[in-house]
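In: Structure, please.
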Amino acid sequence: MSLSVFLELVEFKAKTASVFPFFIGLCYSWYNYQSVHLFYVFLYFVAMFIFNMAVDILDNYNDYHHATDVHDYKEKTNIIGRENLSLKLVFRLMVGMILVSALIGIGLSFVVGWPLLVMGIYCYLVGIFYSSGPRPLSSLPLGEFFSGFTMGFMISLICVYLNTYESFQWTFETVGGIILISLPNTLWIANLMLANNICDVEEDEKNQRYTLVHYLGKPRSIKLFVLFNVLALLSLVLAVVLKLAPIWMLASFIILPIVLKQIRLFLKKQEKQTTFICAIRILALGAFAQVFSFLIGIIL
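Out: Take a look at the predicted model:
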């Protein structure tokens, strides 16, 4: 397996979805608690990144097996069939990565406490059953929620917990603050799934995958895509107003013209090959702008 094929198998280009929520959690920990445990969060980052890659392998593995004979998805679209990869090799690689990441997480939980174990189990269950089982989460009208909540919020929550486990309080105020600061990523990641489902609705229905777009229809789903972007930007302002983030984070709005341009492009045409990348760009630029401006605010 070549490096380029491996990177496509693990969908390396989409790793923004897990990296930036991690850094938001890191910035939030330092700004609000002045506490960062670099060694623990480094181990967490490694485990999170490895598991995220394993989940994407699992998605491709299950999509390959679940594909129907209605069209040539298995042979020409799916990376496993297109590159004629060994199913045994793909399966062993996936299981090995899951085990390595799980062992790191279990080891960390012995140090920082059982809440990490509980949160980790939830994330692993969502990651595994996102594309596995008779009714995968990704084939239901729940995919946007679970992808956004798990990757956007839970990654940040775990990061904050690891940095503050000695004094972390499970109160509405504490958890609510993390929800708000992670809301942009939560919504943008959910939008990534939504945009994907909008572009693939016909193909998904052929493969008996009835996503949120199937029930809402394309017009309403597109409106929801726009709404999520609006709410993501508004939540940045609210976080600053509530003093959960430095005022410098408002500098994130420098990307607003680009975000608006990408939304307009997606509204004109919803196509996987040409305009799905608009959702990826919004997530990447928006998340980067939030992290970078947050970091500048901390430094200054």
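In: Export the worst-scoring helix or strand of the chain on mean pLDDT to PDB, keeping only CA atoms.
Out: The weakest-scoring helix or strand in the chain, judged by mean pLDDT, DSSP states H and E, is helix 79-82 (a mean of 76). C-alpha atoms of helix 79-82 as PDB (Å, rounded to 0.1, in the frame of the first residue of the first chain):
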ATOM      1  CA  ILE A  79     -10.800   3.200  -2.200                       C
ATOM      2  CA  ILE A  80     -10.600  -0.500  -1.200                       C
ATOM      3  CA  GLY A  81     -12.100  -1.800  -4.400                       C
ATOM      4  CA  ARG A  82     -10.600   0.900  -6.700                       C
END
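In: Please compute how far it lies from its chain's middle.
Out: 23 Å (C-alpha atoms, centre = their mean, to the nearest Å).
In: Which helix or strand lies directly C-terminal to that helix?
Out: helix 87-112 (DSSP states H and E).
In: Quick one: list the elements packing against that following helix.
Out: If contacts are counted by 3 or more C-beta pairs under 8 Å, 6 or more residues apart in numbering; DSSP states H and E, helix 87-112 sits against helix 38-66, helix 114-129, helix 155-164. The C-beta positions use only the backbone N, C-alpha and C, and glycine is treated the same way.
In: 7 Å instead, please
Out: With contacts taken as 3 or more C-beta pairs under 7 Å, 6 or more residues apart in numbering; DSSP states H and E, helix 87-112 sits against helix 38-66, helix 114-129.
In: Ala14 is nearest to which of the ones you listed?
Out: Nearest to Ala14 among the helices and strands packed on helix 87-112 is helix 38-66 (7.2 Å), distances taken as C-beta to C-beta.
In: ok, and what's touching stretch 170-185?
Out: By C-beta atoms under 7 Å, 6 or more residues apart in numbering, the residues outside stretch 170-185 that reach it are 20-21, 24, 28, 152-153, 156-157, 160, 232, 235-236, 238-239, 244-245, 286-287, 290.
In: Now, of the residues you listed, which are buried?
Out: 20-21, 24, 28, 152-153, 156-157, 160, 232, 235-236, 239, 244-245, 286-287, 290 (16 or more other C-beta atoms under 10 Å).
In: related to what we said a few turns ago, any idea which of the helices and strands packed on helix 87-112 is most buried?
Out: Mean neighbour count (mean count of other C-beta atoms under 10 Å) peaks for helix 38-66 among the helices and strands packed on helix 87-112, with a mean of 20.
In: okay, the angle between that helix and helix 155-164?
Out: 150 degrees (axes from the mean of the first three to the mean of the last three C-alpha atoms, to 10 degrees).
In: that older thread, sort out which of the buried ones among the contacts of stretch 170-185 are in helices and list them.
Out: If you go by DSSP state H, those have 20-21, 24, 28, 156-157, 160, 232, 235-236, 239, 286-287, 290 in helices.
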